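Enquirer: Here's my sequence, what's the structure:
(chains A, B, C and D)
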Protein chains: 4
Amino acid sequence: MSKLKVVTIGGGSSYTPELVEGFIKRYQEFPISELWLVDIEEGKHKLEIVGAMAKRMVQAAGIDCEVHLTLDRKAALKDADFVTTQLRVGLLDARILDERIPLSHGLIGQETNGAGGIFKALRTIPVILEIVEEMKELCPAAWLINFTNPAGMVTEAVLRYGKWDKVVGLCNIPVNAVVEEAEILQEKPEDLFFQFAGINHLHWHTVVDKFGHDRTDELIQKMYGEGNSQSIVANIKDNELILEQVENLHMVPCPYHNYYYYTDKMLAEELVDFKNHGTRAEKVKEIEAELFELYKDSNLDYKPQQLAERGGARYSDAACETISSIYNDKRTVMTVSTKNNGTISDLPADSAVEVTCMLTGNGPVPYTFGSFKPQERGLLQLMKAMEELTIEAAVTGDYGTLLQAFTMNPLITSGDVAKTVMEELLIVHKKYLPNFFEKVPV
Amino acid sequence: MSKLKVVTIGGGSSYTPELVEGFIKRYQEFPISELWLVDIEEGKHKLEIVGAMAKRMVQAAGIDCEVHLTLDRKAALKDADFVTTQLRVGLLDARILDERIPLSHGLIGQETNGAGGIFKALRTIPVILEIVEEMKELCPAAWLINFTNPAGMVTEAVLRYGKWDKVVGLCNIPVNAVVEEAEILQEKPEDLFFQFAGINHLHWHTVVDKFGHDRTDELIQKMYGEGNSQSIVANIKDNELILEQVENLHMVPCPYHNYYYYTDKMLAEELVDFKNHGTRAEKVKEIEAELFELYKDSNLDYKPQQLAERGGARYSDAACETISSIYNDKRTVMTVSTKNNGTISDLPADSAVEVTCMLTGNGPVPYTFGSFKPQERGLLQLMKAMEELTIEAAVTGDYGTLLQAFTMNPLITSGDVAKTVMEELLIVHKKYLPNFFEKVPV
Amino acid sequence: MSKLKVVTIGGGSSYTPELVEGFIKRYQEFPISELWLVDIEEGKHKLEIVGAMAKRMVQAAGIDCEVHLTLDRKAALKDADFVTTQLRVGLLDARILDERIPLSHGLIGQETNGAGGIFKALRTIPVILEIVEEMKELCPAAWLINFTNPAGMVTEAVLRYGKWDKVVGLCNIPVNAVVEEAEILQEKPEDLFFQFAGINHLHWHTVVDKFGHDRTDELIQKMYGEGNSQSIVANIKDNELILEQVENLHMVPCPYHNYYYYTDKMLAEELVDFKNHGTRAEKVKEIEAELFELYKDSNLDYKPQQLAERGGARYSDAACETISSIYNDKRTVMTVSTKNNGTISDLPADSAVEVTCMLTGNGPVPYTFGSFKPQERGLLQLMKAMEELTIEAAVTGDYGTLLQAFTMNPLITSGDVAKTVMEELLIVHKKYLPNFFEKVPV
Amino acid sequence: MSKLKVVTIGGGSSYTPELVEGFIKRYQEFPISELWLVDIEEGKHKLEIVGAMAKRMVQAAGIDCEVHLTLDRKAALKDADFVTTQLRVGLLDARILDERIPLSHGLIGQETNGAGGIFKALRTIPVILEIVEEMKELCPAAWLINFTNPAGMVTEAVLRYGKWDKVVGLCNIPVNAVVEEAEILQEKPEDLFFQFAGINHLHWHTVVDKFGHDRTDELIQKMYGEGNSQSIVANIKDNELILEQVENLHMVPCPYHNYYYYTDKMLAEELVDFKNHGTRAEKVKEIEAELFELYKDSNLDYKPQQLAERGGARYSDAACETISSIYNDKRTVMTVSTKNNGTISDLPADSAVEVTCMLTGNGPVPYTFGSFKPQERGLLQLMKAMEELTIEAAVTGDYGTLLQAFTMNPLITSGDVAKTVMEELLIVHKKYLPNFFEKVPV
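Expert: Purely as a prediction, here's the structure:
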């Protein structure tokens, strides 16, 4: 039997059982022989709990796969076939700060596209680039499958600064949209072609049925028309976008568009949560605590129901299906973050985009999208520039570049408040931002 | 003697004496033989006052030029050589609404790039396109020199929807910047090469001296460094941008960048003005009333000092110099709104941009700029898309398109407040927005 | 049973039995109920022969499909679901002139990319655009599947001048390459991903296997390395390209590259054929005569072996599979001519390209290709410009535009010889070139 | 008095007196204090002759400028202000081979855009890149003014591989065209705006007069209409392009277009010259011998009339005016080779183009050109790709890349003849092609 080794960095995450379940389900087509769960000293306790549970799951499934737990990342990476990254630098406590500090100044924090997302990128990108350097040495043929948010910026950093092309960025939003919107249209997902285009957490899509009819406008009416509302991610509350706006797009926006299209309502809701200590980060921390209590149960050898609430529905499917598609050249149609290369004419060729692809043995091959209408184009180009600045700041530690990212971000009011929030975040996250070290006042 | 006919639409404007002074000054090189001041019924009274004054100025100067006052635009346009547009649909009262209604909901109004600017475009573009149609018939060889704000959108509408290439959009900001910044650098303007690139009221520039040294960073320190602050337009208060941000640009922003780079302070200041009934529109109305009192003086035959306060410093120079440059193939270097055509690689080739050009007998020939860094690119692309949507809405009267423009505008908070402000403005300006007629509730 | 109507224009072609066989084979998935074979008065005799044979084939297969023969194109088009075009304006005699006249002046004629191809485009495009106008009226939901050469230019004419998007241009070269090169690599075609990019008869491809390994360089060695040679189209003789050149491409060229990469040898061979009255057109005419003799046999109710020699191997598969893929939303991976839309960054977005696509119910969705290296880019851009000029000349009948196409074509020596050959061809094809009528001397 | 040092590499060239004359004429505005003429051992004899003459010219002019002759390039470069390159690797004998060897196989040789030009690039680029490295060390503020052909490829090599931006590539064709075509139009050159766009020896231009009227079509009639013909370079014989073709361009082609637009006649003429040992290279060698005889005359202290025949008319003006424009920030309008940067949308932003620029203290600032019509675009893109391949081959010594350049070049018939000619040239030029050393058979 040939070796098939998967390494999961951030293996102590509460999501790990999702992933283990996904591998078990696909064992026939993807005969994983080693699963290495890697974490850092601070995450050791969680790694042990979730690692033990992973071992029980594998044993219960009766598959021939060794589960290794380690803090030694290099040992784990040696000869890996696939490396998945689901790490969180600074743990959930950092996310709480990412969300609460901006809100304390009247700004949306948001761990992927607000001020919080910018700082998550600053903390994460240097670590990911370190991992890439290790991969070049220890497992140069492996694929890097990244779920760590902000997934688009991380993917672009790997491509542009890591000079590593074998990377796929993953998000469960497109997978969920396909399933849920097919249901709304009363069609089978496989009878529809969803074409997504944009960047992570800022994309739009169209839907065509098997008869070649564009069903997007109909879907918009069903989703946003009178009496309807929807949300497909747990951390964004149900929300009605303004129908006339979505109609004018002739494309379905993603749930994170609520932040850009309905900023006032989103902010108002988040301020309520802020006041009640119920920000998404705080809720997730509670859920995680409960999950780890469950995981400690030495009889539990399957993914508990409660994990679904955590917000990662179908993450496992997205991740394991991507891995298996590459391994088996399955040619699955999936929406992932990958190199643009002209797929979207409005964005730089070497940037990361989130687009519908065919997954082959050689990774994602995107379907051509072309150009957006100004409706989508302007915001998309703004956010891509914001991402470029954030990534550059993460790599260089340059204060002015980071300030540009803050200024450009449409969820951040520019000026004194932007500068103040930015500096507060630099101070509280100082230990995770060595590149900025000298620039941060004590 | 050959005829040389200039037609000024919106001739009753308080700016007209600026223009007349400019023509008088240049009479040797630009021997204007007929100046037609055109206005509409509502502006008849002002036209008579300012027209009488124009006649006195011409007479005092002893030049051989007939001044005609008329409400018959077609009669005026017949065989014109140059047509200038400085009209204001709905007069200053419309501007007051443009500024106050958004502020009453906590948003910057701003007559060029905020909610107010969008509505000024909606009111103005259909009128300008009508003028273009008349020019095609009555003076097909004439140049259209537009000063009406938002000058960039008006120029793009003329190019794209009017299919009329002989148009130049003018703004006094670049002219002023050249004069004032040369002074800051203690150089003569002609010893410096300023290259501007962007769109009207959202451009950046670099400065190189005659030795080929880039002086931009030095200028930034002198303008924004400790203890310095500057403003070169009357309707934007002195303001200090954040030094680190401007340093990171390595380009000098334009005064309107305060709105995007220092949104919180700008809004705070405008809210104070709103409370005190001292918005820019209200102040301008007062100034204008005073100016017209002066103009009534039948002894006044020169431009009064007070006109400078009106905010149009060097408008006359920009306009008359542009006209004379085209007439005389002077090859003056000037920054104007014209067709992009690849000058800025980041914007559509057929859009209007404000860039440094050489003015020839065949109009502006831009100097190649190339690509912006992400610092400038993102915001610029966003605003261009916002402009495209606004222009399209002006032409089609489409509610959804207009809502997209509102949503995309970074000075407008998206969501309920955007929609509310937009609808209020639609209602108050209804009579100037026939394209939207059916869509606007009574 | 619902109607499923296919109309074949140029139904009297010797290829028709290929097509009929393809439909019979796919009847389960594509239950064609009516096949209309349309031809013109000049082709009536051939239509009757091949039509009778088509009826025998359908009857022998026992499928429930009516075969109609008609000279009334409009009657045929009414309510069609798919329209295929395989017409030849001027019949094979025109092709003989296309090939022999250039050769008589020392130039390659070539019915698709030489002087002959330019004239085939001139004759064909006006007829195709007429058909498109009729389709807009009579079968606006139908797809146009074009096999008529030059297939790329015809497709672009339909897109750009016909303003008709539901068109697919087909060629059997990619289909053949997949089958034959898989064999060379000793792999199953479905285990390889061939990505083709370029334009009709001028494309390159890469091959990746299911393990994600790029096998292109290996394939190049096997095809062009010492002792090897190959050809996959009947009208291009086996030929060895220069190994170092193909190695440097890192892409496999198409057989028509012989014309551009080995012009001297190709011309020498064609001159021999010219002398022996054995040009491809003359050979095809002989083959066709023999085929029609066979078709007259009222016992023949299956595709005769000899048809294979005609050069259209797997045309039927390409065509019928494309049609069935659209009808059934089969998502087959196939290489066809379609709108570029950014798939190849080096070519205009609105031009036709021949690229690997997924065929859905809504037609082809291309896989993003990106940019070519200069190796491929220069020639490709030249030929696309040549195509644009040819199409424009076909539509406008402009002599100067046609002369530019001749000058630019790398198979035509520019200058007197180009002009002479062009004028000779204009004269002999005069009756098929009404747009040029007045410009052609008698 | 401040130092102003010019270094001329290839100082022994027969052109040097042109240059010296130009500096003398401009001494008031460009007070050159040191002129260093540098050559190599092989050119020492010529350097001494022409150097002595240069000294006499300077003395006769009574200007305060030292003339230094040296074989020590580094000593010369130290603290230079301007470096001009007019070197010829392998001297005229290499050019004779470049022209005769291709002709011996029936191909146009041509020292800039045929097979000969490719080899001139191969020999020259490595030397120029060496000079650039020395400049980085010895005179990092200096400008490199290159006249060495192929001037476009040399400029691009300096930009792309030398990473040196302070370079201008010069050619006298645009200067000559302006003077001669103004005469044809009976206008003063300063009353016309010529806009050139393309690459060195493959550009087109338009002409607009001071009234804004496009005079290009009129000029085309006067230059190419019945009974007219023209040529403005000495090495291209008078030739009539085909009027209909030039009319269709609506742009004036450059003299080198004869090679692409009238290949058959050009080749026929060159074959006659080949037979008579009268190729351009051979003629130039004769002229040079005569010139050096003249230069030896110790009484000659001015540029002799005969130099004009050499073909470099107005080279001196182009070069000295460029240098003085940069030194004095004169803002002269001139057409030079510089970085594209989007000036021509159809070519890569980082490639060298020959376009109309304003020459400032910071070098050339191009006027935006935009996109070409397919008429010009295809050939231009082909030749740019050919240039990119040639430059890459010059730097890497890669045989396959060079073969691609040969295959793509429209003046070279591809296939066996291309390969044969290429290999012959590799062998004869072996000592100047160290990068190719191992690949070239003995």
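Enquirer: Beyond the one helix or strand residue A:246 maps to, next helix or strand please.
Expert: Residue A:246 is part of helix A:243-249, with elements assigned from DSSP states H and E. Per DSSP H and E, helix A:243-249 leads on to strand A:252-253 as the next helix or strand towards the C-terminus.
Enquirer: Is there proximity between that following strand and chain B?
Expert: No. Using C-beta under 8 Å from any C-beta of the partner chain, strand A:252-253 stays clear of chain B, coming no nearer than 10.9 Å. Every C-beta, even on glycine, is put in place using the N, C-alpha and C of the backbone.
Enquirer: So in that sheet, which strands flank that strand, and in what orientation?
Expert: strand A:202-209 (antiparallel) (DSSP bridges).
Enquirer: Quick check: which helices or strands does whichever helix or strand comes after the partner strand pack against?
Expert: For strand A:202-209, the succeeding helix or strand toward the C-terminus, using DSSP H and E, is helix A:216-224. Under the contact criterion of 3 or more C-beta pairs under 8 Å, 6 or more residues apart in numbering or on different chains; DSSP states H and E, helix A:216-224 touches helix A:173-184, strand A:202-209, helix A:243-249, strand A:252-253.
Enquirer: In a markdown table: the ones you listed, plus mean pLDDT, mean neighbour count and distance to residue C:200.
Expert: Converted to a markdown table, the helices and strands packed on helix A:216-224 look like this (pLDDT from 0 to 100; neighbours: other C-beta atoms under 10 Å in any protein chain shown; distance: least, C-beta to C-beta, whole Å):
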| stretch | mean pLDDT | mean neighbour count | distance to residue C:200 |
| --- | --- | --- | --- |
| helix A:173-184 | 94 | 19 | 34 |
| strand A:202-209 | 98 | 23 | 26 |
| helix A:243-249 | 93 | 21 | 35 |
| strand A:252-253 | 96 | 22 | 35 |
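Enquirer: what distance separates stretch A:83-93 from the middle of the whole chain?
Expert: Centroid separation between stretch A:83-93 and its chain, computed with C-alpha atoms, centre = their mean, to the nearest Å, is 11 Å.
Enquirer: That stretch spans what distance, first to last residue?
Expert: When the termini of stretch A:83-93 are compared using C-alpha to C-alpha, to the nearest Å, they are 25 Å apart.
Enquirer: Distance check, the closest residue to residue A:416 other than its chain neighbours against residue A:264.
Expert: Nearest non-adjacent residue to residue A:416, counting by C-beta to C-beta, 6 or more residues apart in numbering or on different chains: residue B:264, 5.7 Å away. Computed as C-beta to C-beta, to the nearest Å, the residue B:264 to residue A:264 distance reads 16 Å.
Enquirer: What of residue A:325?
Expert: Using C-beta to C-beta, we find residue A:325 at a distance of 41 Å from residue A:264.
Enquirer: near chain B, which residues of the stretch 101-250 of chain A show up?
Expert: So far as C-beta under 8 Å from any C-beta goes, the stretch 101-250 of chain A lies against chain B at A:242, A:244, A:245, A:247, A:248, A:249.
Enquirer: now do the stretch 251-400 of chain A
Expert: Within the stretch 251-400 of chain A, the residues that sit near chain B (C-beta under 8 Å from any C-beta) are A:260-266, A:374-375, A:377-379, A:381-386, A:388-389, A:392, A:398-400.
Enquirer: which stretches of the stretch 51-200 of chain A form strands?
Expert: Secondary structure of the stretch 51-200 of chain A (DSSP state E, counting those that start in this stretch): strands located at A:66-70, A:82-85, A:143-146, A:167-169, A:192-199.
Enquirer: Now mean pLDDT too, for those, in CSV please.
Expert: Formatted as CSV, the strands of the stretch 51-200 of chain A follow (pLDDT from 0 to 100):
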stretch, mean pLDDT
strand A:66-70, 98
strand A:82-85, 98
strand A:143-146, 97
strand A:167-169, 98
strand A:192-199, 98
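Enquirer: so can I have JSON lines of these showing distance to residue C:277 and mean neighbour count?
Expert: Shown next, in JSON lines, are the strands of the stretch 51-200 of chain A (distance: least, C-beta to C-beta, whole Å; neighbours: other C-beta atoms under 10 Å in any protein chain shown):
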{"stretch": "strand A:66-70", "distance to residue C:277": "75", "mean neighbour count": "17"}
{"stretch": "strand A:82-85", "distance to residue C:277": "63", "mean neighbour count": "26"}
{"stretch": "strand A:143-146", "distance to residue C:277": "59", "mean neighbour count": "25"}
{"stretch": "strand A:167-169", "distance to residue C:277": "59", "mean neighbour count": "29"}
{"stretch": "strand A:192-199", "distance to residue C:277": "52", "mean neighbour count": "25"}
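Enquirer: out of the ones you listed, which comes closest to chain C?
Expert: Chain C sits nearest to strand A:192-199 of all those, at 5.2 Å, using C-beta to the nearest C-beta.
Enquirer: Mind putting the helices and strands packed on helix A:216-224 into a markdown table with distance to residue C:47?
Expert: What follows is those, written out as a markdown table (distance: least, C-beta to C-beta, whole Å):
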| stretch | distance to residue C:47 |
| --- | --- |
| helix A:173-184 | 46 |
| strand A:202-209 | 37 |
| helix A:243-249 | 50 |
| strand A:252-253 | 49 |
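Enquirer: Among the ones you listed, which comes closest to residue A:119?
Expert: Nearest to residue A:119, of all these, is strand A:202-209, at 18.2 Å by C-beta to C-beta.
Enquirer: Could you check the angle the closest one makes with strand A:192-199?
Expert: Relative orientation of strand A:202-209 versus strand A:192-199 (axes from the mean of the first three to the mean of the last three C-alpha atoms, to 10 degrees): 160 degrees.
Enquirer: which stretches of the stretch 201-350 of chain A form helices?
Expert: Along the stretch 201-350 of chain A, the stretches classed as helices by DSSP state H, counting those that start in this stretch are A:216-224, A:243-249, A:257-261, A:263-275, A:280-295, A:315-328.
Enquirer: still on that earlier bit, the residues of the stretch 101-250 of chain A next to chain B also near chain D: which ones?
Expert: Within those, nothing lies near chain D by C-beta under 8 Å from any C-beta.
Enquirer: can you redo these as CSV with distance to chain C?
Expert: Shown next, in CSV, are these (distance: C-beta to the nearest C-beta, whole Å):
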residue, distance to chain C
A:242, 29
A:244, 26
A:245, 25
A:247, 21
A:248, 22
A:249, 19
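Enquirer: Below-threshold pLDDT in the stretch 251-400 of chain A: ranges please.
Expert: A:309, A:311-313 (pLDDT under 70).
Enquirer: Quick check: residues of it near chain C?
Expert: Within the stretch 251-400 of chain A, the positions lying close to chain C (C-beta under 8 Å from any C-beta) are A:326, A:328-329, A:331, A:333, A:341-345, A:349, A:358, A:360-363, A:365-371.
Enquirer: and if we set it to 7 Å?
Expert: A:326, A:329, A:341-343, A:345, A:349, A:358, A:360-363, A:365-368, A:370-371 (C-beta under 7 Å from any C-beta of the partner chain).
Enquirer: What is the neighbour count of the closest residue to residue A:68 other than its chain neighbours?
Expert: Distances taken as C-beta to C-beta, 6+ apart put residue A:36 closest to residue A:68, at 4.5 Å, once the chain neighbours are dropped. Residue A:36: 23 surrounding residues under other C-beta atoms under 10 Å in any protein chain shown.
Enquirer: Can you tell me the SS state at residue A:36?
Expert: At residue A:36 the chain is in strand, as set by DSSP: H, G, I helix; E, B strand; the rest coil.
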